[in-house]
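Engineer: Predicted model and sequence follow; I will ask about them next.
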Amino acid sequence: MSRYLYGIDFGTTNSAISIYDSEQDAIVQTISVPSILYFPSKQEAGKPLISFVGHEAIEQYLADGMSGRFMKSIKRVLPISSFTHTHVLNKKMTAPDLVALILIHLKAKADAFIGQECTKAIIGRPVFFDENNPERDQLAQKRLAQAAELAGITEYKFQYEPIAAAFTYERDILHNERVLVADLGGGTTDFTLMNLSPKAKGILNREQDILKTSGIYIGGDAFDSSFMWERGTPHFGRGLLYQSMPGKHLEVPLPLFHNITTWEKMNFFNSNRIRNEIEGFYFFSNKHPKLKNLLTLIENNLGYQVFRQIEQTKIALSIADEATFQFNRLGIEIDEPSTLPDYETIIARDLKKIADCLDGFVAESGEHLNSLDTIFLTGGTSMVRPVKALFEHKFPSVKLQSGDNFISVAKGLAYSGYLFHG
Ligand SMILES: Nc1ncnc2c1ncn2[C@@H]1O[C@H](COP(=O)(O)OP(=O)(O)OP(=O)(O)O)[C@@H](O)[C@H]1O
Ligand SMILES: [Mg+2]
């Protein structure tokens, strides 16, 4: 029996693998990569597809002048039953095929680190892949299991991501604590209420310590979409009029702009039909420069770079009170200063969804929350200040802890080996 166990956190934005060594009872390494795939367009016929993962995918995509297929947020397609496959350069790729490429990459790095192959893993999943539809939720987990098998993981169990984060936090505590863990990621927000103990690490069954879990399918990527809608789309023609017939002016249809509020949608938006449609609006708006921007954006695949700037603005606002969304390329010139209160207004609807989920969680937890000691915030989106403020306002007298934002889940998964003994 191998002394190692992997914890695998396949995230919407970032994925990580943690290596647990049972002989040392410790995590010996955690490796993380952005959950990004890139397939160059120049590939030899009949040969296996060449793909790049993570930072290498970003670098190669930019070096190739943003041609080829670039994919982000693949976790989002897991619960979508209508997504059966996509063609990548004539090769049919299912959701498990795509996810497997990221898992293969992580596993190869971890195997290289320990100098042997390890085929046993605890795999993370959000509390809900889809909070309204159990079938879609099951489909997502099934696809993730298929991906793990394709990646050569033969023995695996699933664990909720926020429970895993709680186990990581548990390793640092000195006294028994009742903890609310909030894992705020790119695509999902998850809550868990747990009793933690510094003495609990050897205990095989933790079921009675997990008091409540809940989650919602929204995260920091939604903030970026809202920002794109409010501060980005006006630069690409939202709100403009075009002449639909002599003397009659109509607004350029809004669905056009909904399609550029997520990077992924924009990636699938570059068809001849769409380009012709936009060219029509451009022509009948007297060649308005903002619609020219939209054509430039679509034709040159600039979506990823625009969203990167939007994310940078969000990250800057996590520490500064003001930041500017800037994008200057191929004639598109955006310079949008934004303050923290502005940002809070832009993401208000998304924040409310998170706040409502937290309220529901609090109501359902009832008395269990009376003796809450700590709130442990983790995940990249926990660094967004209005998000942190939600917890401060709701629990003014409870201690807030944070840390290990991008690896706490993977580490806690690797600490979840007890699941194999249950
Ligand atoms: N400094 C920061 N301030 C604010 N947001 C940040 C910061 N750094 C990263 N983010 C955001 O955090 C999110 C990614 O967080 P994380 O890596 O925890 O998610 P994930 O695990 O990939 O997603 P999920 O758990 O939802 O599947 C992204 O939306 C990213 O823009
Ligand atoms: Mg996560």
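Structural biologist: Looks like it arrived, so ask away. Ligands and ions are numbered 1, 2, ... in the order given.
Engineer: With adjacent residues omitted, what lies nearest to residue 39?
Structural biologist: Leaving out its chain neighbours, the residue that sits closest to residue 39 by C-beta to C-beta, 6 or more residues apart in numbering is residue 69, at 4.4 Å. Every residue, glycine included, has its C-beta placed from N, CA and C.
Engineer: and the one you found, how many residues sit next to it?
Structural biologist: 18 (other C-beta atoms under 10 Å).
Engineer: and what of residue 34?
Structural biologist: Look at residue 34: counted by other C-beta under 10 Å, it has 17 neighbours.
Engineer: Which residues are in contact with the residue nearest to it when sequence neighbours are not counted?
Structural biologist: In this structure, residue 34 finds its nearest non-sequential neighbour in residue 54, 5.0 Å apart by C-beta to C-beta, 6+ apart. Contacts for residue 54 (C-beta atoms under 8 Å, 6 or more residues apart in numbering) come out as 33-36, 102, 105.
Engineer: so residue 304, which of the three states?
Structural biologist: In three-state terms, and counting by DSSP: H, G, I helix; E, B strand; the rest coil, residue 304 is helix.
Engineer: what's in contact with the helix or strand containing residue 111?
Structural biologist: Element membership for residue 111, per DSSP states H and E: helix 95-114. Residues from elsewhere that reach helix 95-114 (C-beta under 8 Å, 6+ apart): 4, 6, 8, 10, 15-17, 19, 21, 28-29, 31, 33, 35, 37, 51, 53-54, 71, 74-75, 77-78, 83, 85-86, 117-118, 143-144, 146-148, 150-153.
Engineer: can you confirm residue 180 is in a strand?
Structural biologist: Yes: counting by three-state DSSP, residue 180 falls inside a strand.
Engineer: What does the pLDDT read for the closest residue in space to it that isn't next to it in sequence?
Structural biologist: Nearest residue to residue 180 in three dimensions, chain neighbours excluded: residue 375, at 4.9 Å (C-beta to C-beta, 6+ apart). Each residue has a pLDDT score; the one for residue 375 is 97.
Engineer: tell me the contacts of residue 375?
Structural biologist: 179-182, 391, 395, 398-401 are the contacts of residue 375 under C-beta under 8 Å, 6+ apart.
Engineer: repeat that for 7 Å
Structural biologist: Residues in contact with residue 375 (C-beta atoms under 7 Å, 6 or more residues apart in numbering) are 180, 182, 391, 395, 398, 400-401.
Engineer: what does residue 223 give?
Structural biologist: Contacts of residue 223 (C-beta under 7 Å, 6+ apart): 314, 347, 350, 384.
Engineer: residues near the third one, how many?
Structural biologist: To tie it back to what came earlier, the one meant is residue 350. By the criterion of other C-beta under 10 Å, residue 350 has 23 neighbours.
Engineer: Might one say that it is in contact with residue 226?
Structural biologist: Yes: using C-beta atoms under 7 Å, residue 350 is in contact with residue 226, at 5.8 Å.
Engineer: Checking the lowest-mean-pLDDT helix or strand in the chain against ligand 1, do any of its residues make contact.
Structural biologist: The helix or strand of the chain with the poorest confidence is helix 263-267; it has a mean of 75 (mean pLDDT, DSSP states H and E). No: using C-beta under 6 Å from any ligand atom, helix 263-267 never reaches ligand 1; the gap is at least 11.3 Å.
Engineer: thinking again about what came up before, quick check: the farthest pair among the contacts of residue 223?
Structural biologist: Comparing every pair within the contacts of residue 223 by C-beta to C-beta identifies 314 and 350 as the most remote, at 11.7 Å.
Engineer: Can you pull the residues of the stretch 101-250 of the chain lying near ligand 1?
Structural biologist: Contact residues, the stretch 101-250 of the chain versus ligand 1 (C-beta under 6 Å from any ligand atom): 185-188, 219-221.
Engineer: Buried ones in stretch 34-53, by neighbour count?
Structural biologist: Of all the residues in stretch 34-53, those buried under the rule 16 or more other C-beta atoms under 10 Å are 34-40, 43, 49, 51-53.
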